[in-house]
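Engineer: Predicted coordinates and the sequence they were generated for:
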Amino acid sequence: MMSWAINILVFSTIVLFVVAIFDGFMYSKGLVRERLSEIMKMGEGLDEEDELKKSFLERLIIPAYKNIGTYLGNLTPREIRNNIEKKIIYAGSPWNMTFNSFVSLQVGITFLLGFLVAILVWKGQIEGSRSVLLFILAVFIGVMLPYNMINSRALKRQKEIQKTLPDILDLLLVSVEAGLSFDMSLKRITEQASGALSKEIARALEEMRLGKPREEALRGIVRRTGVPDLSSFISAIIQAEQLGGNIANTLRIQASSMRQKRRQRAEEAAMKAPIKMLFPLVFFIFPTLFVVLLGPAFIKIMQTFTTM
């Protein structure tokens, strides 16, 4: 009987001890939950206060403007959307621009030009028949101006990358032949060179540092630039790495090929120069020469006919 009492007492003590620990743990957990809820309520109050401190433009106009761009962007056909997104990426995503912000920019420019035309029509400076043409012209300019800006920026960036690629390859070849690894050579290039290509290489190195495979990181440079010469170079490097080839020989061949292509492009541009000079010669230089050379003779002939 005594043993049963001892067993019941031990069992009761263990149960009470476990309940006490569990209750203390749940109590502390409940306190933490309550504290977190209070902090969240305080943050919500601050957000509301910060939101109320903003101006009417920041609270209503700008979000409505972005929502319009998002709505119109969702209505855009997929092919046009993909084309513009590629142009934005090739341009280096200036001002952190996305497709929706690009559409918002088109809407904003169109609205501004249309508003100016409406003011001119309201003041009577433009007739009603011409106002329709001006509204159409305003819409055309509002749609095409941002696209031309992005397109020209993308072409300029691609030409810059294409022009600096042979020099980058020469630096890369020298670094590899000096005993550095390919990744360390790329890092040395980012430290020594500047420009769009150097920034793209630095971004690829950062992606590799964060765990992305080298092949995927290098192909990401091609997707963000769209330069055919750079694509062929990166494909050759990846193929040499996969097949176990000599990176230095591959770099030497690619550097020689890129220099030859640059020379061919320069010769092609030199051959196109006379054709491009034909228009200013015919319409600007030749008339001036005719006036200087034949002007005195024409005046003399006119004076002779008037005296007769």
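Structural biologist: Cool, the structure landed.
Engineer: The helix or strand hosting Val174: how far from the chain's middle?
Structural biologist: Assessed by DSSP states H and E, Val174 sits inside helix 128-177. On the basis of CA atoms, centre = their mean, to the nearest Å, helix 128-177 sits 11 Å off its chain's mean C-alpha point.
Engineer: for the record, mean pLDDT for it?
Structural biologist: Averaged across helix 128-177, the pLDDT comes to 89.
Engineer: go on, stretch 291-299?
Structural biologist: If you average the pLDDT over stretch 291-299, you get 79.
Engineer: same deal with stretch 273-280?
Structural biologist: The pLDDT scores in stretch 273-280 average 82.
Engineer: quick thing: my sequence starts at 12, can you match it?
Structural biologist: New numbering, starting at 12: the last item is stretch 284-291.
Engineer: For it, output the C-alpha coordinates as CSV.
Structural biologist: Extracted C-alpha coordinates of stretch 284-291, given in CSV (Å, rounded to 0.1, in the frame of the first residue of the first chain):
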residue,chain,number,x,y,z
ALA,A,284,30.6,57.7,-96.4
PRO,A,285,30.6,58.9,-100.0
ILE,A,286,27.0,57.9,-100.4
LYS,A,287,26.0,59.6,-97.2
MET,A,288,27.8,62.8,-98.3
LEU,A,289,25.8,62.9,-101.6
PHE,A,290,22.7,64.5,-100.1
PRO,A,291,24.5,67.4,-98.4
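Engineer: Pull out the buried positions in that stretch.
Structural biologist: The neighbour-count check on stretch 284-291 (16 or more other CB atoms under 10 Å) flags nothing as buried. Yep, even glycine has a C-beta here, placed from its N, CA and C like the rest.
Engineer: re the thing from before, from the contact counts, what lies against the helix holding Val185?
Structural biologist: helix 89-101, helix 110-133, helix 193-203, helix 207-220, helix 225-236, helix 239-254, helix 258-291 (3 or more CB pairs under 8 Å, 6 or more residues apart in numbering; DSSP states H and E).
Engineer: could I get those as TSV with distance to Gln169?
Structural biologist: Putting the helices and strands packed on helix 139-188 into TSV (distance: least, CB to CB, whole Å) gives the following:
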stretch	distance to Gln169
helix 89-101	6
helix 110-133	19
helix 193-203	19
helix 207-220	9
helix 225-236	7
helix 239-254	9
helix 258-291	13
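Engineer: nearest to Gln173, of those helices?
Structural biologist: Using CB to CB as the criterion, the shortest distance between Gln173 and these is 5.8 Å, found for helix 239-254.
Engineer: And that closest one, what's buried?
Structural biologist: Applying a neighbour-count criterion of 16+ other CB under 10 Å, the buried positions in helix 239-254 are Asp240, Leu241, Phe244, Ile245, Ala247, Ile248, Ala251.
Engineer: if I look at the fifth one, how far off is Arg225?
Structural biologist: Going back to what we said before, that points to Ala247. Ala247 is 14 Å from Arg225, where distance means CB to CB, to the nearest Å.
Engineer: The strand or helix carrying Asn78 - contacts with which helices or strands?
Structural biologist: If you go by DSSP H and E, Asn78 is part of helix 73-86. Taking 3+ CB pairs under 8 Å, 6+ apart as contact, the helices and strands that helix 73-86 lies on are helix 110-133.
Engineer: Quick one: residues contacting Phe110.
Structural biologist: Under the criterion of CB atoms under 8 Å, 6 or more residues apart in numbering, the neighbours of Phe110 are Gly84, Thr87, Arg92, Ile95, Glu96, Ile99.
Engineer: Please identify which two of these are farthest apart in space.
Structural biologist: Between all members of the contacts of Phe110, the longest pairwise span (CB to CB) is found for Thr87 and Ile99 and amounts to 13.3 Å.
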